[in-house]
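Q: Generate a structure from the sequence data that follows.
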Amino acid sequence: MDRTAERRIGARSFARLLGDWRPPDGRGLADALAERIRLLVLDGRLPLHTRLPAERELAAAIGVSRTTVATSYDALRGEGVLRSRRGAGSWTQLPAGPPDDAGPAPFSPLGDDALYDLAHAAPSAPSAALRAAAAAAVRDLDVLLAGHGYDLSGQPALRAAIAARYTARGLPTSPDQVLVTAGAVHGIHLALTVLAGPGDRVLVEHPTYPNALGAITTRGARPVPVPMAPDADGRSRWDLDLLTSAVRDAAPRLAYLIPDFQNPTGALLDDADRARLVELARRTGTPLLVDETLTDLALDGQEVVPVAAHGAADSPLVLSIGSASKSFWGGLRIGWIRTSAAMVRRLAAARAGVDLGGPALEQLTVARLLAEHDEQVLAERRRELAAARDHLLGRLARTFPGWRPSRPTGGLALWVDLGRPESSRLTAAARRHDVLLAAGPRFGLDGAFERYLRLPYTLRPDRLDEAVDRLAAAWAALDRAGPAFEGEPVAVA
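A: Numbering: from 1, shown residues only. A predicted model of the protein is given here:
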């Protein structure tokens, strides 16, 4: 089947996705339009193999001449971002990759010191602890080698370690209430497979984690955004009355929420509102998919009690998503879902059609990390991240006095109000200075959050300072014409 027939986007929808793309001085409209479309494709907001509106239709929708749109499309075809067929239209595609000797891609596991990665909110591994845990796991593996190695629910040692961790945090949990997954995103996909189908509504915070939005739309479901509300001090918070109204009006099949240092705002839901969420789920029968991947990264000494501890210890209505990626290392690809034992069995049954379980050695490694290195690794990680957060806040105050960053009490990143809708343009300009960014609209729907930028504080201090200097150069150059943006698609973690 011709893949160009897979999807299309209408002119009005495309105009919303483009957002405020015009340069402040109104000059170079064709170049600016081409750069915005290019960024939408490379940034993952405009899916590949999407048929774009005809030139005349788009020109009318965004209020420019047909010549402007035609010039933009021609430039994108020349760069390999669009492919056209006479009489049929133009479709998005990725440009040809760089030569084999061009060096690692932006998400290379080997890294690339020429690139300053402010797109991925992910820390490096605790090397000594990880090596020790992996060495012990190799010994633990011996008892499994006589078996077939498949386990839909996860290795018993890891399930027991995760259950003990929840119990210690005030949520009594048995191993049969835990399903091990290949990271948090896999857990989100699996929960959506069981709980939502094509056309179903899924309530989400706005902004939210981009890969969760991707999982929802991949499933064919429809995200229903509920805005985060700003506090007087500039932090974002939940409006539980608005969220309750959205559940009543939209009747979603489930709600996906990040109550622990919300990604990207860094907000932390208080205990009273956690209890209200559980009561809302019980009253309406709306399952809560609770993303707790950042729960270990409380930087100001606060203790975070799981949402399910507020009256849903054995309820299938609360599914808690956890992960070793932020606490330890993303390369382990180990996550989990904690819920009722009956729901775990449903999830495991659904998983059988996708995979037959995760890798045993990585699971045993994480079990050892949790049992023997958890407290030491997390204490050191929190100290380093708190210092990095404060350092980045200081640098931003001196370098960008007009920006308004959040001051999260945990997590891995700041949510920065740029003061004007320039996030996508800044992302493109920063790439020319070898800085990778995740533009604000990656975290929302329909082109929202052009005023915002997520900035992680996970780089080591010397590289973070250099990244800020380069970002300052990109910000200063926004109003000057620059070369076309060239790069590869960047995932968001």
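Q: do you know how far the residue at the greatest distance from the centre of the chain is from residue 241?
A: Relative to the centre of the chain, and counting by C-alpha atoms, centre = their mean, the farthest-placed residue is residue 146 at 38.9 Å. When distance is defined by C-beta to C-beta, to the nearest Å, residue 146 is 57 Å away from residue 241. Placement of C-beta: from N, CA and C, glycine included.
Q: just to revisit the earlier point, kindly indicate whether the residue farthest from the centre of the chain is helix, strand or coil.
A: Classification of residue 146 by DSSP: H, G, I helix; E, B strand; the rest coil places it in coil.
Q: How about the contacts made by it?
A: Residue 146 makes contact with no residue, according to C-beta atoms under 8 Å, 6 or more residues apart in numbering.
Q: What is the longest helix along the chain packed up against?
A: For the chain, the helix with the greatest residue count under DSSP state H is helix 374-399. With contacts defined as 3 or more C-beta pairs under 8 Å, 6 or more residues apart in numbering; DSSP states H and E, the packing partners of helix 374-399 are strand 413-417, helix 461-476.
Q: Mean neighbour count, the ones you listed: which tops it?
A: Of all the helices and strands packed on helix 374-399, strand 413-417 has the most neighbours on average by mean count of other C-beta atoms under 10 Å, namely a mean of 23.
Q: Identify the residues contacting that strand?
A: Here strand 413-417 makes contact (C-beta under 8 Å, 6+ apart) with 121, 207, 234, 236, 263-266, 389, 392-393, 396, 403-408, 451-458.
Q: and if we set it to 7 Å?
A: Defining contact as C-beta atoms under 7 Å, 6 or more residues apart in numbering, one finds that strand 413-417 is touched by 121, 264-266, 392, 403-406, 408, 451-457.
Q: How about stretch 338-349, which residues are buried there?
A: 338-340, 343-344, 346-348 (16 or more other C-beta atoms under 10 Å).
Q: between these, which is closest to residue 178?
A: residue 338 (5.4 Å; C-beta to C-beta).
Q: in the sheet, who's paired with the closest one?
A: Here residue 338 shows beta-bridge partners residue 178, residue 320, assigned using DSSP bridges.
Q: That one and residue 177 touch, don't they?
A: Yes: taking contact to mean C-beta atoms under 7 Å, the distance of 5.9 Å between residue 338 and residue 177 places them in contact.
Q: Can you pull the residues that touch both of the two?
A: The contact lists of residue 338 and residue 177 share no entry, where a contact means C-beta under 7 Å, 6+ apart.
Q: And the helices in the stretch 101-250 of the chain, which stretches?
A: Using DSSP state H, counting those that start in this stretch, the helices found in the stretch 101-250 of the chain span residues 127-140, 156-168, 184-195, 210-218, 240-250.
Q: hmm, back to that, may I see the helices and strands packed on helix 374-399 organised as JSON lines, with distance to residue 201 and mean pLDDT added?
A: Written out in JSON lines, the entries for these read as follows (distance: least, C-beta to C-beta, whole Å; pLDDT from 0 to 100):
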{"stretch": "strand 413-417", "distance to residue 201": "26", "mean pLDDT": "95"}
{"stretch": "helix 461-476", "distance to residue 201": "38", "mean pLDDT": "95"}
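Q: Looking at the ones you listed, which is nearest to residue 54?
A: Residue 54 lies closest, by C-beta to C-beta, to one member of these: helix 461-476, at 33.7 Å.
Q: Output the contacting helices and strands for that closest one.
A: Applying 3 or more C-beta pairs under 7 Å, 6 or more residues apart in numbering; DSSP states H and E, we find helix 461-476 packed against strand 116-118, helix 374-399, helix 423-431, strand 435-439.
Q: before we move on, back to that, pLDDT score for the residue farthest from the centre of the chain?
A: What the model reports as pLDDT for residue 146 is 85.
Q: Mind checking which of the buried residues of stretch 338-349 land in helices?
A: Cross-referencing the buried residues of stretch 338-349 against helices under DSSP H gives 343-344, 346-348.
Q: From what I see, residue 118 and residue 433 are in contact.
A: No: using C-beta under 7 Å, residue 118 is not in contact with residue 433; the gap is 11.2 Å.
Q: between these two, which one's more packed in?
A: The residue with the greater number of neighbours, taking residue 118 and residue 433 and applying other C-beta atoms under 10 Å, is residue 118; the counts read 27 against 17.
Q: ok, that one - contacts?
A: Counting by C-beta under 7 Å, 6+ apart, residue 118 touches 435-437, 455-456, 467.
Q: try residue 346
A: In this structure, residue 346 makes contact with residue 194, judged by C-beta under 7 Å, 6+ apart.
Q: do that again at 10 Å, thanks
A: 179, 190-191, 193-195, 316, 339-340 (C-beta atoms under 10 Å, 6 or more residues apart in numbering).
Q: Can you tell me how far it is from residue 197?
A: Remark: distance between residue 346 and residue 197 (C-beta to C-beta) = 14 Å.
Q: Same question for residue 332.
A: Residue 332 is 31 Å from residue 197, where distance means C-beta to C-beta.
Q: and if you look at residue 174?
A: Taken as C-beta to C-beta, the spacing of residue 174 relative to residue 197 amounts to 30 Å.
Q: cool, and residue 177?
A: Residue 177 sits at a distance of 25 Å from residue 197 (criterion: C-beta to C-beta).
Q: Among these two, which residue is more densely surrounded?
A: Between residue 177 and residue 197, residue 177 has the larger neighbour count (other C-beta under 10 Å), namely 24 against 12.
Q: I'd like to know how far the closest residue to the more buried one other than its chain neighbours sits from residue 403.
A: For residue 177, ignoring the flanking residues on the chain, the nearest one in space by C-beta to C-beta, 6 or more residues apart in numbering is residue 341 at 5.3 Å. Per C-beta to C-beta, residue 341 is found 48 Å from residue 403.
Q: related to what we said a few turns ago, can you flag the buried ones in the contacts of residue 346?
A: In the contacts of residue 346, burial by neighbour count holds for 179, 190-191, 193-195, 339-340, counting by 16+ other C-beta under 10 Å.
Q: Among those, give me the pair with the biggest separation.
A: In the buried ones among the contacts of residue 346, two members sit farther apart than any others by C-beta to C-beta. They are 193 and 340, at 17.2 Å.
Q: out of the helices and strands packed on helix 461-476, nearest to residue 15?
A: Between residue 15 and the helices and strands packed on helix 461-476, the shortest separation by C-beta to C-beta is 14.4 Å, and it involves helix 423-431.
Q: That closest one packs against which elements?
A: Contact partners of helix 423-431 among helices and strands, from 3 or more C-beta pairs under 10 Å, 6 or more residues apart in numbering; DSSP states H and E: helix 29-42, strand 116-118, strand 435-439, strand 452-456, helix 461-476.
Q: Averaged pLDDT, that helix. What do you get?
A: If you average the pLDDT over helix 423-431, you get 92.
Q: try stretch 11-28
A: Over the span of stretch 11-28, the pLDDT mean works out to 80.
Q: quick one: secondary structure of residue 290?
A: strand.
Q: returning to that earlier point: only whichever of the contacts of strand 413-417 are buried, select them in PyMOL.
A: Selecting only the buried members of the contacts of strand 413-417 in PyMOL, with burial defined as 16+ other C-beta under 10 Å, works like this:
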select buried, resi 121+264+265+266+392+403+405+406+408+451+452+453+454+455+456+457
